[in-house]
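**Student:** Sharing a sequence plus its predicted fold:
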Amino acid sequence: LCGLCVSVVRNYFSLSYPMNDIFPDQVNSEMSLIMIFGTGIDLVSVKRMDRVIQRWGDRFVDRVFTPGEIRICSSRAYPPSAFSMRFAAKEAFSKAIGLGMRNGIRWRDIEVFHHPGGRPGLRLHGRSAELCEGEMINGFHVSMSDDGEYGVAMVILEKN
């Protein structure tokens, strides 16, 4: 790099700003920042989900998904794709919390819903809600997608 570029880069990274100028929506009066507690990602084969649903039917679906999730997924053009994305989101949450599906976490305790604008979210029940409350996790970010063959989801958990 030329001397001018090095000087610009060095000055850029050495500047100090008040935290509320950098993150105005994430700083409260005590100047505490919201931190990432954990991230999780999962990929689910839509064909595999289709085979599992065909083989086990309601026995599998009712064990893993809430009535609201079943209603939403069943109304889609190809339900196995919608079920795959939600299953991936549940797995991604379990990875983000750092426990997997252990310590009393049940599939139906993690519910994927959609905000009025369509953005996915998580509604937690039972042990999942207790764990998040105990860790002071108060922010959930979910992204889901599918491409025909796979459903994928990523979850980010935030805490104060």
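**Tutor:** Structure received.

**Student:** The longest helix along the chain: how far from the chain's middle?
**Tutor:** For the chain, the longest helix by residue count, based on DSSP state H, is helix 79-97. Centre-to-centre, helix 79-97 and its host chain are 9 Å apart (CA atoms, centre = their mean, to the nearest Å).

**Student:** Kindly report the same for stretch 39-58.
**Tutor:** 18 Å.

**Student:** and if you look at stretch 99-114?
**Tutor:** 11 Å.

**Student:** Give me the distance between the two termini of stretch 42-49.
**Tutor:** 14 Å (CA to CA, to the nearest Å).

**Student:** for this structure, which spans come out with low pLDDT?
**Tutor:** Where the chain drops to pLDDT under 70, the residues are 1-32.

**Student:** Show me where it has its helices.
**Tutor:** Under DSSP H, the chain gives helices at 3-14, 19-22, 46-56, 58-64, 67-74, 79-97, 126-134.

**Student:** thinking again about what came up before, output the longest helix of the chain as CSV, restricted to C-alpha atoms.
**Tutor:** Extracted in CSV, the C-alpha atoms of helix 79-97 (Å, rounded to 0.1, in the frame of the first residue of the first chain):
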residue,chain,number,x,y,z
PRO,A,79,-45.5,-29.1,2.3
PRO,A,80,-42.3,-31.1,2.6
SER,A,81,-40.3,-28.0,1.6
ALA,A,82,-42.0,-25.8,4.3
PHE,A,83,-41.6,-28.6,6.9
SER,A,84,-37.9,-28.8,6.0
MET,A,85,-37.2,-25.1,6.5
ARG,A,86,-39.0,-25.2,9.9
PHE,A,87,-37.1,-28.4,11.0
ALA,A,88,-33.9,-26.7,10.0
ALA,A,89,-34.8,-23.6,12.1
LYS,A,90,-35.5,-25.8,15.1
GLU,A,91,-32.1,-27.5,14.7
ALA,A,92,-30.4,-24.2,14.1
PHE,A,93,-31.9,-22.8,17.4
SER,A,94,-30.7,-25.9,19.3
LYS,A,95,-27.2,-25.3,18.0
ALA,A,96,-27.3,-21.5,18.7
ILE,A,97,-28.3,-22.2,22.3
